[in-house]
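[1] Here's my sequence, what's the structure:
(chains A and B)
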Protein chains: 2
Amino acid sequence: MAKILITSGPTRQYLDPVRYLSNASSGRMGAALAQAAIDQGHQVILVSGPVSIEYPSQATVIPVVSTDDMLRESSRWFPQCDGMIGAAAPCDYMPKFIEAEKIAKTGQPLQLQLIETPDVVATLGQAKQPHQWVVGFALESEDRHFRAIVKLEKKHCDLIVSNGPAAIDAERNEVELIDPSGAIVTKITDTKEAVAQHLMAEIQRRLIDQTVPPHRASNL
Amino acid sequence: MAKILITSGPTRQYLDPVRYLSNASSGRMGAALAQAAIDQGHQVILVSGPVSIEYPSQATVIPVVSTDDMLRESSRWFPQCDGMIGAAAPCDYMPKFIEAEKIAKTGQPLQLQLIETPDVVATLGQAKQPHQWVVGFALESEDRHFRAIVKLEKKHCDLIVSNGPAAIDAERNEVELIDPSGAIVTKITDTKEAVAQHLMAEIQRRLIDQTVPPHRASNL
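    The predicted structure is shown next:
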């Protein structure tokens, strides 16, 4: 039995008390991965942005709003986990300034300065201990395979799942699972539930079963 | 029996195939107004942005994504309606340029140029015929009463509902209903369902019952 942290859903970055930047991530892939992990006998902690789907009742759900929130909660729970799967689509840009009051319309264009948010998977990938593993997701609209490999390396992932914008808020998904050598481990086109079961089977075989738990490692 | 157009929910303005500007409007106020109108024997057409709530099955629901979509569909259905209630929270800014591919992170800040979207309620308010009425909503975080009166006038509304950011995605709401003289017709703090019933009773008494239908007007 492993303890797995899964990030899921979108995050929101507010400009003012009303308006925010986000994306249409539904949390469906995170929910499907959580269910597949639970079905394999694992324990799941889900750090999730605002979604309207239901997560498996056996999972511990930690609700968050912004990418900073998601990073803070993920960093808090990761040390007690064996691995993490970054299925969330956190906002990667946030307004440099957040207005305390609703920005009033003036009839003029509005210049919005955006800065990058911290990268949740990269931060956890860098912090991981030898007994821990990290699986990332890469969502790209072009150069998918190449960019996924770059992200795998930059974010210190043990595996990365590459998919496209069509995955967002969809019932089905088309993914490639890529290993650190850049090789495509498997390609799956199916419902998110079936994709999740395939991915969890690969994670089980390649990461969970290969990992020497820390208490056993110290006895070697 | 009146035919009522209700706009509901948020809209989304995409920056690229993944990221968008939006707000947390749930569509709950629009759904509650639709139900109250149906309970009074009226026919309802709901033009709604992306929401996860269920609308009353007796309403005709027209799903839209952007503010332009919401304006186009509302303009299409309004001529056959007796009045409209603008309960939606359409994005009032949109990116000047929409990127065809997902904007890649560069490590540098991103300047986003936003321009105003068309105003759905103001456009319909200006186009309304003598037998038609328009009820707007004003969501402000400061100077609520004053700004609501300015909006009522600018958008050619017959009544305006003033509320604050606390209303967004909440079960309850605190509203003021304001008439064209600037007078507060009623103040209500209750569940959105109860607020909707009160508002629809006022709309019935002040607008629907007062309006001479076009076919009767021609006989006078």
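
[2] mind listing what the residue of chain A found nearest chain B touches?
    Minimum separation of chain A from chain B (Cβ to the nearest Cβ) falls at residue A:52, amounting to 3.4 Å. For glycine as for every other residue, the C-beta is placed from the backbone atoms N, C-alpha and C. Listed by Cβ atoms under 8 Å, 6 or more residues apart in numbering or on different chains, the contact set of residue A:52 reads A:26, B:52.

[3] same question, residue A:59
    Each residue near residue A:59 by Cβ under 8 Å, 6+ apart is listed here: A:6, A:34, A:38, A:44-46.

[4] and if you look at residue A:114?
    Going by Cβ under 8 Å, 6+ apart, residue A:114 touches A:21, A:93-96, B:109-112.

[5] Closest one of the residues you listed to residue A:136?
    residue A:93 (18.5 Å; Cβ to Cβ).

[6] Just say helix, strand or coil for residue A:174.
    For residue A:174, the assignment made with DSSP: H, G, I helix; E, B strand; the rest coil gives strand.

[7] count of neighbours near it?
    With neighbours defined by other Cβ atoms under 10 Å in any protein chain shown, the count for residue A:174 comes to 15.

[8] Quick check, it in contact with residue A:165.
    No. Residue A:174 is not in contact with residue A:165 according to Cβ atoms under 8 Å; the separation is 11.2 Å.

[9] Could you look up the SS state of the residue of chain A closest to chain B?
    Residue A:52 - assigned by three-state DSSP - is coil.

[10] Pull up the gap between it and residue A:72, please.
    23 Å (Cβ to Cβ, to the nearest Å).

[11] What of residue A:95?
    Counting by Cβ to Cβ, the gap from residue A:95 to residue A:72 is 19 Å.

[12] returning to that earlier point: out of the contacts of residue A:59, name the ones that lie in helices.
    Within the contacts of residue A:59, residues falling in helices by DSSP state H are A:34, A:38.

[13] Just flag the most distant two among the contacts of residue A:59.
    A:38 and A:45 (11.5 Å).

[14] more crowded one of those two?
    Between residue A:38 and residue A:45, residue A:45 has the larger neighbour count (other Cβ under 10 Å), namely 22 against 17.

[15] who does the residue nearest to the spatial centre of chain A bridge with?
    For chain A, residue A:86 is the residue whose C-alpha lies nearest the centre (Cα atoms, centre = their mean; 2.2 Å). Judged by DSSP bridges, the bridge partners of residue A:86 are residue A:7.

[16] Neighbours of residue A:110, how many?
    16.

[17] Which helix or which strand is home to residue A:194?
    Here residue A:194 sits within helix A:192-203, counting by DSSP states H and E.

[18] And the strands in chain A?
    A:3-8, A:13-14, A:19-23, A:43-48, A:60-63, A:83-86, A:93-95, A:110-116, A:133-139, A:159-163, A:172-178, A:184-191 (DSSP state E).

[19] Pick the most buried one from these.
    strand A:83-86 (a mean of 28; mean count of other Cβ atoms under 10 Å in any protein chain shown).

[20] Which strands and helices lie in contact with that strand?
    Here strand A:83-86 touches strand A:3-8, helix A:120-127, strand A:133-139, going by 3 or more Cβ pairs under 8 Å, 6 or more residues apart in numbering or on different chains; DSSP states H and E.

[21] who wins for proximity to residue A:193 among these?
    Per Cβ to Cβ, nearest to residue A:193 of the helices and strands packed on strand A:83-86: strand A:3-8, 14.3 Å.

[22] quick check, distance from the closest one to the centre of its chain.
    8 Å (Cα atoms, centre = their mean, to the nearest Å).

[23] With only the CA atoms kept, save it in CSV.
    Output of strand A:3-8 as CSV, limited to C-alpha atoms (Å, rounded to 0.1, in the frame of the first residue of the first chain):
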residue,chain,number,x,y,z
LYS,A,3,0.2,6.9,0.1
ILE,A,4,-0.2,9.0,-3.1
LEU,A,5,-0.7,12.8,-3.4
ILE,A,6,-2.7,13.8,-6.4
THR,A,7,-3.2,17.4,-7.4
SER,A,8,-6.4,18.0,-9.5
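
[24] Serialize the contacts of residue A:59 to TSV and add fields for distance to chain B.
    Conversion of the contacts of residue A:59 to TSV gives the following (distance: Cβ to the nearest Cβ, whole Å):
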residue	distance to chain B
A:6	20
A:34	19
A:38	24
A:44	23
A:45	24
A:46	18
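
[25] tell me which of the contacts of residue A:59 is nearest to residue A:64?
    Nearest to residue A:64 among those is residue A:46, at 10.4 Å by Cβ to Cβ.

[26] what sits against that closest one?
    A:6-8, A:30, A:34, A:55, A:59-62.

[27] ok, what's across the strand from residue A:187?
    residue A:176.

[28] How much space separates it from residue A:144?
    12 Å.

[29] wait, does stretch A:152-168 contact chain B?
    Yes. Applying Cβ under 8 Å from any Cβ of the partner chain, one finds stretch A:152-168 touching chain B at A:165, A:168.

[30] From the chain's centre, how far out is that stretch? Work that out for me.
    Distance, stretch centre to chain centre, for stretch A:152-168: 9 Å (Cα atoms, centre = their mean).

[31] Can you give me the end-to-end span of it?
    20 Å (Cα to Cα, to the nearest Å).

[32] what do you get for stretch A:117-137?
    17 Å.

[33] likewise stretch A:173-190?
    Using Cα to Cα, the two ends of stretch A:173-190 sit 6 Å apart.

[34] average pLDDT across it?
    Across stretch A:173-190, pLDDT averages out at 94.

[35] contact partners of it?
    A:29, A:144-145, A:148-149, A:152-153, A:157-164, A:166-167, A:172, A:191-192, A:194-195, A:198-199, A:202, A:206.

[36] List only those of these flagged as buried.
    Using 16 or more other Cβ atoms under 10 Å in any protein chain shown as the burial test, these include A:29, A:148-149, A:152, A:157-164, A:167, A:192, A:195, A:198-199, A:202, A:206 as buried.

[37] Can you name the residues of chain A that neighbour chain B?
    Counting by Cβ under 8 Å from any Cβ, the residues of chain A that sit close to chain B are A:12, A:15-24, A:50, A:52, A:89, A:91-93, A:96, A:101-102, A:104-105, A:107, A:109-116, A:139-142, A:147, A:165, A:168.
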